[in-house]
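model the structure of this input:
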Amino acid sequence: MTGETNLKTLIASMQPVLRDGEFVFATTSEPIDYMETAPLMLFTEEEGTTLILKREDAEAQKFKFDFPCRMITLNIHSSLDAVGFLAKITPRLAALNMGVNPVSAFYHDHLFVPSNRAQDAMVELEKMALEASTQ
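Purely as a prediction, here's the structure:
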């Protein structure tokens, strides 16, 4: 199943969706019970394992965590080979003085933005999509 690669189509059709709940980036060097932890993502680095999970799950597991954030899913099946999609989006959010941690999964790209800036990010993303669709 191939995703979209055309940059203009990706931007115009991204349909950002703000997901419920607050997420955090946590880290641990201990073994993880995936069923109990329920991470959205994990990545193993030399220093430990990074997890993205709901804040309440991180607190329940007593993980060290940072960056309380909201997740925005760009609701278009983007190809993992697509060039420039996130490169177009992240500078627009940076221009708003907003940190963003993008994650690409098989079907969609997801943006983790500060919890208190989620609505600002949604407005900017919707503006980008409208601009691309009228060009």
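
now for the worst-scoring helix or strand of the chain on mean pLDDT, which elements pack on it?
Across the helices and strands of the chain, mean confidence by mean pLDDT, DSSP states H and E is lowest for helix 34-37: a mean of 74. In terms of contacts (3 or more C-beta pairs under 8 Å, 6 or more residues apart in numbering; DSSP states H and E), helix 34-37 is packed against helix 55-61. Using the backbone N, CA and C atoms, a C-beta is placed for each residue, glycine as well.

can I get the helix it packs on in CSV, CA atoms only?
Extracted as CSV, the C-alpha positions of helix 55-61 are listed here (Å, rounded to 0.1, in the frame of the first residue of the first chain):
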residue,chain,number,x,y,z
ARG,A,55,0.7,11.4,30.7
GLU,A,56,-1.4,9.4,33.1
ASP,A,57,0.3,6.2,32.0
ALA,A,58,3.8,7.7,32.5
GLU,A,59,2.8,8.9,36.0
ALA,A,60,1.3,5.5,36.9
GLN,A,61,4.5,3.8,35.8
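
so how far is that helix from its chain's centroid?
Offset of helix 55-61 from its chain centre (C-alpha atoms, centre = their mean, to the nearest Å): 19 Å.

mind giving me the packing neighbours of the helix or strand following it?
Downstream of helix 55-61, the first helix or strand assigned by DSSP states H and E is strand 64-74. Strand 64-74 sits against strand 16-18, strand 23-28, helix 55-61, strand 109-114, helix 118-133, with contacts defined as 3+ C-beta pairs under 8 Å, 6+ apart.

nearest residue to the middle of the chain?
When C-alpha atoms, centre = their mean is applied to the chain, the residue found nearest the centroid is Leu111 (2.4 Å).

so that residue bridges to which residues?
Note on Leu111: beta-bridge partners Ile72, Pro102, judged by DSSP bridges.

just the pLDDT at it, thanks.
At Leu111, the model reports a pLDDT of 98.

for it, what are its contacts?
16, 71-72, 74, 89, 93, 100-103, 121, 125 (C-beta atoms under 8 Å, 6 or more residues apart in numbering).
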